[in-house]
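Visitor: Let me see the structure of the following:
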Amino acid sequence: MILKDRFRKDFFRGGFAIVIILLNFIACNKEPESVGKGLMKGEELDIGLDTTNFIHAYSSRLDSVYTGGKGFYPTGSIYDAVFGQVESSLYFNLRTPNSLPYFDSNEIQVDSVILSLNLLNFYGDIHTTQTFHVFQLAHPFDTNKNYFSTDVIPLNLDRGELGNRTFSAQSLSSEIAENNSVNLRIHLDPVKVGEYVLNMENDILQSGINFAKQFKGLAVIPEPVQEANKGFMSFVDFSDIAPKVTIYYNDTSYSFKMIPGTSNVFANYRHNYLVSEDEVFKQQILDGDTTSGSSSIYLEGMTGVRSLLSFPGIKNWVNNRKLFIHQAVLFLPVELNENRSFEPPSKLKLMMKTDSSIVSLPDEVHGTLSGGTYSAVNNRYEYTITMYIQELVNGSLDYPLQLMMSGESYIPNRVKFSGTSPDLGRNIRLKIVYSEL
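Guide: Numbers count the residues shown, from 1 in each chain. I've put the predicted structure just below:
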């Protein structure tokens, strides 16, 4: 409301200045019709200045983030020619039900053991074949620890692999669960899991806490995909239908289920950027180059990559003038990808990066921030950041913008943007509609 009121107050005072600026700009620009185009939707005449040369941008690698406490977790392997390889492994604990029958190990014969993972969705090339390996953990979860994306719990390699399954997402269509998700069933070793569990003391089996300490938990480790632009992530449900292990013994109509403790689960992400075929990407992510953003910048989820944008030319452009910003729009064009299996994220997140943290833009604080949604028609994102640019112009702040993915700690999407150089044709640009006061 403040911005709108000020616009009404200053419109007639600034209107003459707008006309003069437009006329001067037309006199020295060969393509005046491109100025401000697309900014004022519904208006026949858009007035402004293309501030392309103001933007400096580059990408950098993220540190680890907390990956516990989610309703679903990406699990799998992707090999992207631009972003390299990434694998996501799943670690989770198991608990017994509240009430169990008494087991006499001398009378039990295990028929089979099944690990069931409810898969909500997939991201990537669903025709790719990949393999999940299942191991028992060597140590129990630390209940006082928050697990991050770089954490691991050692595997009990002495007991070897408990089971595996090779599959493609497309091949699972016949295993649809009751909520239209996919039930991935992995056969586990009947001796290493079934007899091992049923031979435990009953005071352990009757206590979920004691059982968790004894059994320690499971890890689902994907085998790395080795072919570029192949692979996919499966979203494993930990809310509606959580993973379970069922032991079938004697009477196959009865199943023994171990229910996971939802607080004892996390995902470990492993990124290998060395195999990227994109030299500009490697310059920024591996070498720390902050100048090659003129060619392209990048975003990657699963604790991958963020980008930083700043506007070093604003101060010289203002040149001690008093300017009122009617509208400022940031355009972020996406580079077309021939392999459409790796779709860009539907939503981005834009923040300000201070010396110690990331904070909301003034536009978001006042409810005027708009944009950040991917437009497949225009193949780009755009943000209206009028109040932020006004404060840059006023000199009341000088923080760069932090561009990231919404849900970056668990969403596997990735996107490559065109860079800031005007020579690219479709480049990152900021367009401003303004008037002098």
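Visitor: which residues touch the helix or strand hosting residue 283?
Guide: According to DSSP states H and E, residue 283 maps onto helix 279-285. Counting contacts by CB atoms under 8 Å, 6 or more residues apart in numbering, the residues outside helix 279-285 that touch it are 58-61, 82-83, 273-274, 276, 289-290, 292-293, 295-298, 305, 416. (Each C-beta comes from the backbone N, C-alpha and C, glycine too.)
Visitor: Show me what counts as buried in it.
Guide: For helix 279-285, a neighbour-count test (16 or more other CB atoms under 10 Å) marks 280, 281, 282, 283, 284, 285 as buried.
Visitor: Stretch 369-379 now?
Guide: 369, 371, 372, 374.
Visitor: Could you list which of those residues belong to helices?
Guide: Using DSSP state H, no member of the buried residues of stretch 369-379 sits in helices.
Visitor: What is the nearest of those to residue 175?
Guide: Using CB to CB, residue 374 comes nearest to residue 175 of these, at 31.1 Å.
Visitor: Report the contact partners of that closest one.
Guide: Neighbours of residue 374 in contact, by CB under 8 Å, 6+ apart: 334, 344, 345, 346, 347, 348, 380, 381.
Visitor: before we move on, what about residue 58?
Guide: Applying CB under 8 Å, 6+ apart to residue 58 gives the contacts 284, 289, 290, 291, 292, 293, 297, 307, 308.
Visitor: What of residue 83?
Guide: Contacts for residue 83 (CB under 8 Å, 6+ apart) come out as 273, 276, 278, 281, 298, 300, 304, 305, 414.
Visitor: Between all of these, which two are at the greatest distance?
Guide: 278 and 304 (13.5 Å).
Visitor: Between the two, point out the one with more neighbours.
Guide: The neighbour comparison of residue 278 against residue 304 (other CB atoms under 10 Å) goes to residue 304, with 26 against 19.
Visitor: Isn't that one up against residue 415?
Guide: No. Between residue 304 and residue 415 there is no contact under CB atoms under 8 Å: 10.8 Å.
Visitor: Partner strands of the biggest strand by length in the chain and their direction?
Guide: Longest strand in the chain, counting residues (DSSP state E): strand 110-124. Strand 110-124 has its sheet partners listed here by DSSP bridges as strand 182-188 (antiparallel), strand 230-237 (antiparallel), strand 244-249 (antiparallel).
Visitor: of all these, which gets the most neighbours per residue?
Guide: Sort these by mean neighbour count, taking mean count of other CB atoms under 10 Å, and strand 230-237 sits at the top with a mean of 25.
Visitor: what's the average pLDDT for that one?
Guide: When pLDDT is averaged along strand 230-237, the result is 95.
Visitor: what's next to that strand, contact-wise?
Guide: 71-79, 88, 90, 117-126, 128, 130, 169, 181, 184, 220, 225, 243, 341, 412.
Visitor: how close does the closest residue in space to residue 128 that isn't next to it in sequence get to residue 424?
Guide: Counting by CB to CB, 6 or more residues apart in numbering, residue 128 lies nearest to residue 230, which is 4.5 Å off, once chain neighbours are set aside. Between residue 230 and residue 424 the computed distance is 29 Å (CB to CB, to the nearest Å).
Visitor: same check, this time on residue 416
Guide: According to CB to CB, residue 416 stands 12 Å off from residue 424.
Visitor: ok, now residue 436?
Guide: Applying CB to CB, the value for residue 436 to residue 424 is 31 Å.
Visitor: So which residues of the stretch 101-250 of the chain form helices?
Guide: Along the stretch 101-250 of the chain, counting by DSSP state H, counting those that start in this stretch, helices occupy 196-198, 202-205, 208-215.
Visitor: Now do the second one: which elements does it pack against?
Guide: Helix 202-205 makes packing contacts with helix 208-215 when contacts are defined by 3 or more CB pairs under 8 Å, 6 or more residues apart in numbering; DSSP states H and E.
Visitor: what sits up against the helix it packs on?
Guide: The contact list for helix 208-215 (CB under 8 Å, 6+ apart) reads 93-98, 136, 140-141, 197, 200, 203-205, 258, 261, 264.
Visitor: The buried residues of stretch 369-379 into TSV, with extra columns for pLDDT and distance to residue 160?
Guide: Putting these into TSV (pLDDT from 0 to 100; distance: CB to CB, whole Å) gives the following:
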residue	pLDDT	distance to residue 160
369	91	53
371	94	52
372	94	47
374	96	45
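Visitor: Can you tell me which of the contacts of residue 374 lies closest to residue 164?
Guide: residue 345 (31.0 Å).
Visitor: For that closest one, which non-adjacent residue is closest in space?
Guide: Among residues not flanking residue 345 along the chain, residue 413 sits closest, at 4.0 Å (CB to CB, 6+ apart).
Visitor: ok, now which ones touch the one you found?
Guide: If you count contacts by CB under 8 Å, 6+ apart, then residue 413 has 123, 300, 301, 342, 343, 344, 345, 346, 405 around it.
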